[in-house]
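> with the sequence up front, the predicted model follows.
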Protein chains: 2
Amino acid sequence: MKVNLNTRAKRVEVHDAFWRTYMKLVRDQVIPYQWEALNDRIPNASPSHAIENLKIAAGEASGDFHGMVFQDSDVAKWLEAVAYSLETDPDDQLEQTADEVIDLLGRAQQADGYLNTYFTIKEPENRWGSLMHNHELYCAGHFIEAAVAYYNTTGKRKFLDIMCRYADYIDTVFGEDDSKLSGYPGHQEIELALVRLYRVTNNDKYLKLSQYFIDARGNKPHYFDEEREKNAPGVFEEMVQHFDHFFEYNQSHKPVREQDKAVGHAVRAVYMYTAMADLAAETGDHVLAEATKTLWGNVTQCQMYVTGGLGSSVHGEAFSFDYDLPNDLCYTETCASVGLVFWARRMLDLEANGAYADVLERALYNGTISGMDLDGQKFFYVNPLEVQPDAVEVRPEKGHITTERQNWFSCACCPPNLARLIASVGHYIYGSKKNTGYVHLYIGSEAELNIASQNVVLKQASNYPWDGDIKLSVKPEQAAEFTIALRIPGWCREATIKINGEIFDTGSNIDKGYVYIKRHWTQNDVIEFELPLIVERVKSHPKVRANIGKVALQRGPIVYCLEEVDNGSNLPSLRLPENALLQSQFEPDLLGGVTIITGEALKPKANENQLYTTSDPEYIKTDIKAVPYYAWCNRQKGEMLVWMHEK
Amino acid sequence: MKVNLNTRAKRVEVHDAFWRTYMKLVRDQVIPYQWEALNDRIPNASPSHAIENLKIAAGEASGDFHGMVFQDSDVAKWLEAVAYSLETDPDDQLEQTADEVIDLLGRAQQADGYLNTYFTIKEPENRWGSLMHNHELYCAGHFIEAAVAYYNTTGKRKFLDIMCRYADYIDTVFGEDDSKLSGYPGHQEIELALVRLYRVTNNDKYLKLSQYFIDARGNKPHYFDEEREKNAPGVFEEMVQHFDHFFEYNQSHKPVREQDKAVGHAVRAVYMYTAMADLAAETGDHVLAEATKTLWGNVTQCQMYVTGGLGSSVHGEAFSFDYDLPNDLCYTETCASVGLVFWARRMLDLEANGAYADVLERALYNGTISGMDLDGQKFFYVNPLEVQPDAVEVRPEKGHITTERQNWFSCACCPPNLARLIASVGHYIYGSKKNTGYVHLYIGSEAELNIASQNVVLKQASNYPWDGDIKLSVKPEQAAEFTIALRIPGWCREATIKINGEIFDTGSNIDKGYVYIKRHWTQNDVIEFELPLIVERVKSHPKVRANIGKVALQRGPIVYCLEEVDNGSNLPSLRLPENALLQSQFEPDLLGGVTIITGEALKPKANENQLYTTSDPEYIKTDIKAVPYYAWCNRQKGEMLVWMHEK
């Protein structure tokens, strides 16, 4: 067994004002709401039927299966979110409810270990019959993730044992032996889940099964071709038809080690890349590591929105091609940004490189949490960067965009995915490797890290992301020499570090976005880390057609947008002079307390009426106000714009 | 019977180098090619079957109908193009072929006058059963237009008589009497055709039938609602489903006099507006005239591309909403621009106003002829203003765009529509009203106009559109006082006029874009009209999101574009400095002889690699070369761009 290149904190408590608000929402709103939804108790919502499906599969209720073929995964993601929430906010009643669901899962599990309500109830003869479409392995993966999380939080083995039985059974079905199916999932997820299962169980079988799924993918003859010859077209067949290379949709167009551009369904892609990074870290497979890094480069340098959104096309909820990042046609599913956070974290495990943490932070503070309103009650599936309600209404190619967050979705993948991310945000802050403890994110928290073979407690406090003054106390069990590595965010022009009040010269101590502070640490050492937050004008690569001549405003990790409620309609006609001063101020009563950006822009005088003219429109000065992108659409429906024209 | 407000020239011969080239293409390429197509003799093309359908309907062949429900209209448009071509280029053999087709039409006509091969062959019991979808009246309209044109050119009555019989029969079917159907066409066309039929026959019945169709449209209870209750969904049902207000698709959502915004299928719309203008001119209906002008204002000031393209949405081939003019998603069907020319001409008949002629000229020199290649052999149905081949390939919402002109289309409406326009371009140049002769367009030609009750021959020569020096000789039968009105194009900053070598002071003689020269004209008078052609940067109304910060280059009536073959890829990343000098020069060997525009722009240095950065990309100077938009894609496939970013 090889070790992680970079291990995670043993314990993290999040105290951060920003994230505690979100975690509280997840605990008080999302988890209870989803529980009601799973039990079909939401008035005027189409019933989830997910718990009922389990009861029917367990023989404790009668009726038919209802919902998506992957309906089980909603229960899994709920349980996973519950597990993380219990970690930070113990709640006996919630834990008891979860235990009851786990008991039900146990009863719904078949004698051979199989656990999937759709096939148990509806098509028992068709188990594994259409891996490309039917999401059985996907659902299994989510249950495994949930089981690992629940075990980690509660120490209770029941759920873990259920999922080990299921994984053991899956291992008898799939693999290279001629007696087994040589298939792999149409929707990746189990690959990363099996690595997590391996990490808590130390059972090599799970690591190898994950490896098998990754290694078998895209081999010729193509498993899905063989499957399609046997099956009638599945429900997703139409969705993927337009892909010239059909299998690009689910990244099975070639073996993963040969893939160098992100293609197809964005969530499937990032889940797969996450597993690839995991496996590379666990096995030391350099070819796999390099392929993963190449894909990372392609995604983050050619196909990622400034919000950390992924998937510029609704067709297949997919990547399109390099630099094709339209702001008003994108898909940018909340789940894809959540998956990007997962992947970035695995890349950090592979190598401490600020580029990974920068993307992680970008997605975390922008394109993920934009998926939920500030009350935790409504959700965006699609997160566009420019919205014109008229266009959404009239142009069918924008029909996938909703101009307001929705209560819930019939395909409810995003809300619980976001919930499990938010509830586990503490897992993303720290890391350690041998004699070095890493601080990847600036989130108020206390953590226990294993550094230089001892427990070191790190405690950080700040008013991040609104303020860049971070205080970090380092408390080793006993004074010793070791290294604390602080990430210098990519957006930061000049960081200042003081240790116990004295300036620390970062000079030659910076490597790949981290400043390495190696010294003899004692129990009362305090690092003061000052990241000046200034309003930046972000520009896109000139090949991004949609953003030529435009800037996005960013302050620290927060990307801003203009909303009609603050700036009137026709937002794209506002022009920001290149030399316009932009100021920021914290507004405690706005949108739950946010720093806004204000400045003077130009807007065309209303007297313009010619459609085409050779004279410039006459511009007048106007005050503009930008709010954090994640918080848009929390006041009223209207236009929104991230990329504004300069003048 | 009321008279036209503005009558047309009696005879026009086009000598113009620019247009004669196109007319020759129509005569030598398009008409013969389409004749082969109509007879299914084009290898590797899906057969038209249009002539065969006529033979089957005439009982002279066996087999089933094939093609679109409106397949007959291809024959009609071909005959109409032939009629115009014969007018300028007599051709006995072609005329004989046309006569034979007309004879065949006569034999395919039913005893009661009905003439439609689809219903005669396939569903004789369903005549007029689904006016919304079935295009019977549309096909009738095209045949009527062809018959009128053929009669005007040849003086032969046979075709006209066939169509009078059909129109007489239609008049017995439709109307306000309780005994008649209260319907009207799903695709407008017959309305304008009936006015033309009225004008050559002086039979009021046809004018009144046209008026009936226009007046009945959109009345409640809605005829199409009643029809839909009776019928199964037609072939176009799906296409129109996304229209919130279903009947907006074919402009029957309300009575035409209450319509103030262009909505729905663009070709249907402009054909209807054309008929509205015709009827307003013929009947003096001021309410109808005002409604038509309001719609004209909406189309040309809020929904028209700079090329004269109409229809910004593929969904329903339709208008979308004011200022929504995306350059890369538009439909801008060739037929819609052709229809805009028809409409503009009728508006000029209604009122001599340069605004109408400006739009006519814009569409004529850009968005119509862009639909055909310079060999007259390939055609665009859709005329986008920005093309990125990768995006067309990958993004299904751009699937309606072809990156190269196509040989022919299964729905072959555009090529023959363009052919009939080009062949009749002489009809658009002149007009007269009482004592005034109008010159609307600068196209080398000789025409006979009725001015002040005598024949006046106007002869103009120029190298327009490449050169703005126009020489116009005025030859009245006898010297007399009358007025010659010359249009001063909207794009012209300062026109100079000399009469017999002496400057004419345009001062107080300009009204609505025309300079009125009232004098005693003799047989040797010569007007020299000088329109300085300078390269203009055209800007859009600031509400046009797609064009903010961008300019289109225009010189005279010609709109320019950048092509990859001249300027490399990533065209939108080229930035045109606000003060960059732009020069023009005529290139006799390029694209059949065109004036190009050259200048120095900025392009990003290739060393840029960050997707997002706070620094500006480094720009270097680069030469650019713009070619006329209409001539794009005549060398090789690649990117194209009309609207370029300024810097």
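Here it is on my side, so go on.
> C-alpha from now on. contacts and neighbour counts both.
Will do.
> could you check how far A:Trp343 is from A:Ala140?
Counting by Cα to Cα, to the nearest Å, the gap from A:Trp343 to A:Ala140 is 19 Å.
> ignore what I typed, I meant A:Glu176.
20 Å.
> same thing with A:Ile42?
26 Å.
> those two: who's more crowded?
Counted by other Cα atoms under 10 Å in any protein chain shown, A:Ile42 and A:Ala140 do not tie: A:Ala140 has more neighbours, with 26 against 16.
> so that one sits against A:Glu191, correct?
No - assessed by Cα atoms under 8 Å, A:Ala140 is found out of contact with A:Glu191, at 10.1 Å.
> list the residues that contact the residue in the stretch 251-400 of chain A positioned nearest to chain B.
Closest approach between the stretch 251-400 of chain A and chain B, counting by Cα to the nearest Cα: A:Gln301, at 4.9 Å. Counting by Cα atoms under 8 Å, 6 or more residues apart in numbering or on different chains, A:Gln301 touches B:609-612.
> check for me that it belongs to a helix.
Yes - counting by DSSP: H, G, I helix; E, B strand; the rest coil, A:Gln301 falls inside a helix.
> looking at it now. What's its pLDDT?
pLDDT, A:Gln301: 97.
> can you tell me how far it is from A:Lys293?
Separation of A:Gln301 from A:Lys293 (Cα to Cα): 12 Å.
> same check, this time on A:Glu227
31 Å.
> just confirm A:Phe482 contacts A:Pro476, I think it does.
No - assessed by Cα under 8 Å, A:Phe482 is found out of contact with A:Pro476, at 9.6 Å.
> overlap in contacts, the two.
Common neighbours of A:Phe482 and A:Pro476 (Cα under 8 Å, 6+ apart) are A:Trp521.
> and these two? Which one has more around it.
The residue with more neighbours, out of A:Phe482 and A:Pro476, is A:Pro476; 24 against 19, by other Cα under 10 Å.
> so what sits opposite the more buried one in the bridge?
Per DSSP bridges, the residues bridged to A:Pro476 are A:Val456.
> next: A:Glu333.
Beta-bridge partners, per DSSP bridges, of A:Glu333: A:Val382.
> can you name the next helix or strand after the helix-or-strand element of chain A with minimal mean pLDDT?
Lowest mean confidence among the helices and strands of chain A (mean pLDDT, DSSP states H and E): helix A:237-240, at a mean of 58. Per DSSP states H and E, the first helix or strand lying C-terminal to helix A:237-240 is helix A:266-283.
> so how far is that following helix from its chain's centroid?
Helix A:266-283 has its C-alpha centroid displaced from the chain centroid by 13 Å (Cα atoms, centre = their mean, to the nearest Å).
> is any residue of that helix near chain B?
No - Helix A:266-283 does not reach chain B (Cα under 8 Å from any Cα of the partner chain); its nearest approach is 15.0 Å.
> counting contacts, what elements does that helix pack onto?
In this structure, helix A:266-283 packs against helix A:190-201, helix A:204-216, helix A:286-302, helix A:334-350, with contacts taken as 3 or more Cα pairs under 8 Å, 6 or more residues apart in numbering or on different chains; DSSP states H and E.
> and chain A, what are its domains?
Here the domain parsing of chain A from automatic domain parsing is A:11-428, A:430-530, A:535-646.
> enumerate the residues of the stretch 401-550 of chain A near chain B.
Close to chain B, as judged by Cα under 8 Å from any Cα, the stretch 401-550 of chain A has residues A:536-543, A:545, A:548-549.
> among those, which lie within strands?
Counting by DSSP state E, the part of those found in strands is A:536-540.
> where do the helices sit along the stretch 301-450 of chain A?
A:334-350, A:354-362, A:389-394, A:414-423 (DSSP state H, counting those that start in this stretch).
> do you know how far A:Asp505 is from B:Asp358?
Distance from A:Asp505 to B:Asp358, by Cα to Cα: 69 Å.
> reformat the residues of the stretch 401-550 of chain A next to chain B as JSON lines; add neighbour count.
Formatted as JSON lines, those follow (neighbours: other Cα atoms under 10 Å in any protein chain shown):
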{"residue": "A:Glu536", "neighbour count": "19"}
{"residue": "A:Arg537", "neighbour count": "22"}
{"residue": "A:Val538", "neighbour count": "21"}
{"residue": "A:Lys539", "neighbour count": "24"}
{"residue": "A:Ser540", "neighbour count": "27"}
{"residue": "A:His541", "neighbour count": "21"}
{"residue": "A:Pro542", "neighbour count": "27"}
{"residue": "A:Lys543", "neighbour count": "23"}
{"residue": "A:Arg545", "neighbour count": "17"}
{"residue": "A:Ile548", "neighbour count": "23"}
{"residue": "A:Gly549", "neighbour count": "23"}
